[in-house]
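>>> Mind looking at a prediction? Sequence and model below.
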Amino acid sequence: MTRREPIDDEQECAFWRTGAQPEAVMGRRRILIGHADDAIGSSISLLLRLKNYQVNHASEISKLGRYVESRRPHALLLDTRLDAASHYAFVRAIRNDDQKGDMLILAMSNIFPLDSVPNLKAAGFDGHVRRPCSVWRVGDLMDGHFGRGEDLAILQSPPFRMSDRFRTTCQLGRNVETSV
């Protein structure tokens, strides 16, 4: 187990979409995981399934596109390595589609080379987490966004920063590191 000092800016984790409101849960929420590493994508998927989300994982943009069309996910967690070469054309296309434009899209962004927060915002991401990120943090972000988390008040006072969540979870005694 490691202990890291929280970062007090948007570099580690943030939600920044204006108007991103927690939604009341009406049935199971559908989440799509797009991650280049199958083991990591499967780990995140497993955790979210255990939290009663419907989850699909794909490691290629073409498969993600098919899932977006057929499954109509409420959220997309996207490894930026899958879309960065096209300057986030996949994310931009989703944002420009009236039927899909309200989907929550979180970037799982690079540390090296560093994905620029302004570029992620401009592409249409609603927030990001830096890799490596603890799997449980990703679960907590989804729970908070969809109104299922115990710390919902943190999300309602923008901008949400992982450092706030990190301090809260550490105070609750859940300081387990499972890196993604």
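Received it, and whenever you're ready, just let me know what you need. Residues are numbered from 1 along each chain as shown.

>>> can you give me the strands in the chain?
Applying DSSP state E to the chain gives strands spanning 13-15, 30-34, 54-58, 75-79, 104-109, 127-130, 160-161.

>>> And these: which comes nearest R95?
R95 lies closest to strand 104-109 among the strands of the chain, at 7.7 Å (C-beta to C-beta). For the C-beta atoms, the positions are set from N, CA and C on the backbone; glycine is no exception.

>>> Who are the packing partners of that closest one?
Counting contacts by 3 or more C-beta pairs under 8 Å, 6 or more residues apart in numbering; DSSP states H and E, strand 104-109 is packed against strand 75-79, helix 89-96, strand 127-130.

>>> Okay, now the sheet partners of the shortest one, with direction.
Partner strands for strand 127-130, per DSSP bridges, with pairing direction: strand 13-15 (antiparallel), strand 104-109 (parallel).

>>> follow-up on the earlier one: out of the strands of the chain, name the one with the poorest average pLDDT.
Among the strands of the chain, strand 160-161 carries the lowest mean pLDDT, a mean of 46.

>>> just to revisit the earlier point, quick check: which of the strands paired with strand 127-130 is buried the most?
Comparing the strands paired with strand 127-130 by mean neighbour count (mean count of other C-beta atoms under 10 Å), strand 104-109 ranks first with a mean of 25.

>>> Next, the angle from that strand to strand 75-79.
10 degrees (axes from the mean of the first three to the mean of the last three C-alpha atoms, to 10 degrees).

>>> With distance to I44 added, can I get the strands of the chain in TSV?
As requested, the strands of the chain are arranged in TSV below (distance: least, C-beta to C-beta, whole Å):
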stretch	distance to I44
strand 13-15	14
strand 30-34	5
strand 54-58	8
strand 75-79	7
strand 104-109	9
strand 127-130	10
strand 160-161	19
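
>>> Quick one, which of these gets closest to D115.
strand 104-109 (3.8 Å).

>>> what's next to that closest one, contact-wise?
17, 20, 35, 74-80, 91, 94-95, 115, 120, 124-131, 133, 141, 145, 180 (C-beta atoms under 8 Å, 6 or more residues apart in numbering).

>>> hang on, the earlier thing: relative to N110, which of the helices and strands packed on strand 104-109 is closest?
So among those, strand 127-130 is nearest, using C-beta to C-beta, at 7.8 Å.

>>> ok, back up a step: mind putting the strands paired with strand 127-130 in a markdown table, distance to S70 included?
Shown next, in a markdown table, are the strands paired with strand 127-130 (distance: least, C-beta to C-beta, whole Å):
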| stretch | distance to S70 |
| --- | --- |
| strand 13-15 | 27 |
| strand 104-109 | 18 |
